[in-house]
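Chemist: Got a predicted structure plus its sequence, pasted below:
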Amino acid sequence: MSRVAIFGAGYVGLVTGACFAELGHTVAIRDVIASKIDGLRAGKVPIFEPGLDELLERNAERLTFTLDVAEAIDGAEFVYIAVDTPPTYSGDADLSRVWTVIDELPQVGGDPILVMKSTVPVGTGEKVRHALDTRGLEHVGYASNPEFTAEGTAVRDFLHPDRIVVGAFDPADGDRVEQLHKGIDAPVVRADVSSSEMVKLASNAFLMTRISFINEIANVCEAVGADVTQVAKGIGLDHRLGPHFLRAGIGYGGSCFPKDSLALKQLASNSGYHFQLLNAVIEVNELQKRRVINKLKKHLGSLRGKTVALLGLAFKPNTDDMREAPSIVLASRLLAEGAEVRAWDPVADASDILQGVTFCDSPLETVTGADAAVIVTEWPQLRELATAETREAMRRAIIVDGRNLLDPDEVRAAGFAYEGIGRPTTAFSALPETPEREPSQESQR
Ligand SMILES: NC(=O)c1ccc[n+]([C@@H]2O[C@H](COP(=O)([O-])OP(=O)(O)OC[C@H]3O[C@@H](n4cnc5c(N)ncnc54)[C@H](O)[C@@H]3O)[C@@H](O)[C@H]2O)c1
């Protein structure tokens, strides 16, 4: 069993650390945020990720948390970098945190391997190798081992991945990183460092392409009277295409897709290549988030003074991550149109991000007095939204299902107007208003 140091106690660092501990390794996780480390030492997990709390607790004896670089590195055979790499204003990845980790590496002995888990532009490994060499750390190996887990299923994804990708300059380093994953049953793709870095960016770009593709098909379905959910089913059974990432909706968000698409776009254009398809994918996604506004206007006319309930705020279910969530764009567009916005999410706290929004504690409280309810994130709790209780609580019984979560026939049978994405819509019939109801008084949180 090995000793592993992990820099970054975020979504990736914590899951990676907990899973390596589960495999039997001894893991030290270092972060720069004291409250995070204090909390983790006290058994408080700073993020919502199913299964993570249990994994950290079960392997507590093999896990330590520290603010101290030397303590983390002490005796480590692998030093994982799992810090955030957000976009800069130009769209390039901001590698400042990555470089801080490298600059702070002490003059270690032995033959540790620095392993890049963070998503970085192609060419980063070459630069890091050069930096290590110029600092007299030639004996420190380097490998790229990108992460493909998805928030919400990250623990399962890490322990049961589709593949493990390892890129190394020295094959012996690659062998050691591969060996570190012993106990995980998955194909290992060995590559050179640049190709390994590209696998990560290209995989995400391909997934985003599928999402934007099916969203455009959905938009055409709306225009011609087809149902994208049936179309996607028919497409997905083709073994050459497969069923994944063919779910039409209000666009992708999250901490990875938007920034990684920009980073790849910039990487290409900095190298003199105009990545036309990726540009279109990004643009389609931006427009998709805004289509909900027109759907609301179709039923409500001007949104000024109307109350809209946003149900689900995190960028997807089973996470509290609000980074680049479509709800942010939606809420700010609605507020700009003069609407009142009420919102609910079971775990995400968006009070710092969504100024001017009234936060509620339940879907029912959120829709009370609302002119329309929008399903933004497909939390399972919302499957039961279209009840008589909801209908009576709303001022107008209109549901815009941004994730095609509900059965349109059932929703209409329950007395609602229904708008999905790429599905036949309820004719503009201006449903009669239900008796006037005022939103209940609740605190902003
Ligand atoms: N979130 C995902 O689902 C996911 C999936 C695959 C890949 N990635 C990539 O993994 C990387 C990390 O993403 P994340 O979502 O875990 O980010 P995050 O923001 O949740 O966590 C990053 C952590 O690194 C810490 N940090 C910053 N500088 C540090 C330093 N010098 N030393 C130690 N810790 C430091 C931060 O305080 C933070 O806690 C990114 O490059 C991301 O693109 C993320």
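Modeler: Sure, I can see it.
Chemist: quick one, domains of the chain?
Modeler: 3-190, 192-445 (automatic domain parsing).
Chemist: quick one: the last one near the ligand?
Modeler: So the one you mean is domain 192-445. Yes - among the residues of domain 192-445, 255, 256 lie within reach of the ligand under Cβ under 6 Å from any ligand atom. In this view, the C-beta of every residue, glycine as well, is placed from N, C-alpha and C.
Chemist: Which residues lie in contact with the residue of the stretch 301-445 of the chain found nearest the ligand in this structure?
Modeler: Proximity of the stretch 301-445 of the chain to the ligand (Cβ to the nearest ligand atom) peaks at residue 321, 7.0 Å away. Residue 321 makes contact with 11, 47, 151, 254, 255, 314, 315, 348, according to Cβ atoms under 8 Å, 6 or more residues apart in numbering.
Chemist: Please dump these into TSV; it should also carry secondary structure for every row.
Modeler: As requested, the contacts of residue 321 are exported to TSV (DSSP: H, G, I helix; E, B strand; the rest coil):
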residue	secondary structure
11	helix
47	coil
151	coil
254	coil
255	coil
314	coil
315	coil
348	coil
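Chemist: Same list (those) but as a markdown table, adding pLDDT and neighbour count.
Modeler: Converted to a markdown table, the contacts of residue 321 look like this (pLDDT from 0 to 100; neighbours: other Cβ atoms under 10 Å):
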| residue | pLDDT | neighbour count |
| --- | --- | --- |
| 11 | 95 | 25 |
| 47 | 93 | 18 |
| 151 | 91 | 25 |
| 254 | 91 | 21 |
| 255 | 84 | 22 |
| 314 | 95 | 27 |
| 315 | 93 | 28 |
| 348 | 94 | 23 |
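Chemist: Just the closest residue of this protein to the ligand, please.
Modeler: Taking Cβ to the nearest ligand atom, the chain has residue 10 as its residue nearest the ligand, at 1.7 Å.
Chemist: How about that residue, nearest residue that isn't a chain neighbour?
Modeler: residue 84 (6.2 Å; Cβ to Cβ, 6 or more residues apart in numbering).
Chemist: which ones are touching that neighbour?
Modeler: Residue 84 neighbours (Cβ under 8 Å, 6+ apart): 8, 10, 97, 118, 255.
Chemist: Any residues of the stretch 1-150 of the chain in contact with the ligand? List them.
Modeler: Checking the stretch 1-150 of the chain against the ligand by Cβ under 6 Å from any ligand atom, the hits are 7-13, 30-33, 36, 82-85, 97, 100-101, 118-119, 147, 149.
Chemist: how about 5 Å then?
Modeler: Applying Cβ under 5 Å from any ligand atom, we find that the stretch 1-150 of the chain lies next to the ligand at 7-12, 30-33, 83-85, 97, 100-101, 118-119, 147.
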